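**Student:** Predicted model and sequence follow; I will ask about them next.
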Amino acid sequence: MTFLQAIILGIVQGLTEFIPVSSSGHLVLVPHLMGWEFSSSQAFIFDVLVQWGTLFAVFIYFRRDLIHIISAFSRALFAGKPFATADARMGWYLILATIPAVVVGLLCKDLIEAAFSNAKVTGFFLLITSVLLIFAEIVGKRKRSMEEITWVDSLWIGCSQVLALLPGISRSGATIAGGMTRNLDRSSAARFSFLMSVPVMLGAGVLAFKDLFALPATDNFLLPLLAGFLAALVSGYVAIRWLIAYLSKHSLIVFAVYCLLLGLLVIFTG
């Protein structure tokens, strides 16, 4: 992987991690369309570790929310009243929403990695992303805010995140759609989706570090990895700011149409 390839893929990761068009799908399709060939192990580790760039973008954008949640969660836990405040409960909700994807990801790791090597399969999963977004727009009443989230909502959205372990199914798309089917408004569903990405991306990145240093010639891979990380951080921060503002006034249909067209293009062109 060259320095330029890493920057391009980092930008793609940063933009598509939060815009609901599937970052994993685009990280499969862009090298496929450009004729770039990477070893499957190197590509998978790059994809996971460059997500730390988008993770840092979440840290920066939601720094006040995260500080309030973590401090309230810690205080309530040590006081023996773990559900005493809304911020403390939000900490538990984020943990609960993480559990389904962690369990399925660990149990099905090999199958998930294998799916990343097939561009046509990615095309089919992009169609599923399109269906999820359209379904959320049709079903969701969009009358509840993030402050009204319950543990049932959290678990439901967490189960939606399991779908996004497959390339082509957008993590943000699946979880925003999950929130909207629980009648959250679009912006609230997006904010919860982005916050719940923190433990998943953090855990996946930690696990990938072990695989990174098991690769031969790791030193040659570190500079492209750093370039991809920085590109993903900057583009991810821009994507978060833009999408939350966009969803306050617009629907998900434009993203559904994009996923539909791209998925069909990939399927019929091979």
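**Tutor:** Structure's in. What do you need?
**Student:** Not counting sequence-adjacent ones, nearest residue to Arg186?
**Tutor:** For Arg186, ignoring the flanking residues on the chain, the nearest one in space by Cβ to Cβ, 6 or more residues apart in numbering is Leu247 at 3.9 Å. C-beta coordinates here come from the backbone N, C-alpha and C atoms, glycine included.
**Student:** let me redo that: Glu37
**Tutor:** With Cβ to Cβ, 6+ apart, the residue lying closest to Glu37 is Pro31, at 7.3 Å.
**Student:** What about the residue nearest to Arg186, how many residues nearby?
**Tutor:** Using other Cβ atoms under 10 Å, Leu247 has 20 neighbouring residues.
**Student:** list the contacts for it?
**Tutor:** 186-187, 190 (Cβ atoms under 8 Å, 6 or more residues apart in numbering).
**Student:** Return the subset of these lying in helices.
**Tutor:** 186-187, 190 (DSSP state H).
**Student:** what residue ranges in the stretch 51-200 of the chain score low on pLDDT?
**Tutor:** 109-110, 112-118 (pLDDT under 70).
**Student:** in it, which spans are helices?
**Tutor:** 51-61, 63-78, 86-107, 109-115, 119-139, 151-163, 171-181, 186-214 (DSSP state H, counting those that start in this stretch).
**Student:** mind listing what's buried in the second one?
**Tutor:** It refers to helix 63-78. Buried residues in helix 63-78, counted by 16 or more other Cβ atoms under 10 Å: 65-66, 68-69, 72-73, 76.
**Student:** And the fifth one, by the same measure?
**Tutor:** Buried residues in helix 119-139, counting neighbours by 16+ other Cβ under 10 Å, are found at 119, 121-130, 132-134, 136-137.
**Student:** How about the third one?
**Tutor:** Neighbour counts over helix 86-107 (16+ other Cβ under 10 Å) mark 87-94, 96-98, 100-102, 104-105 as buried.
**Student:** Looking at those residues, spot the one nearest Val257.
**Tutor:** Ala101 (26.8 Å; Cβ to Cβ).
**Student:** Neighbours of the nearest residue to that closest one once chain neighbours are set aside, how many?
**Tutor:** Among residues not flanking Ala101 along the chain, Gln161 sits closest, at 4.6 Å (Cβ to Cβ, 6+ apart). Residues lying near Gln161 (other Cβ under 10 Å) number 26.
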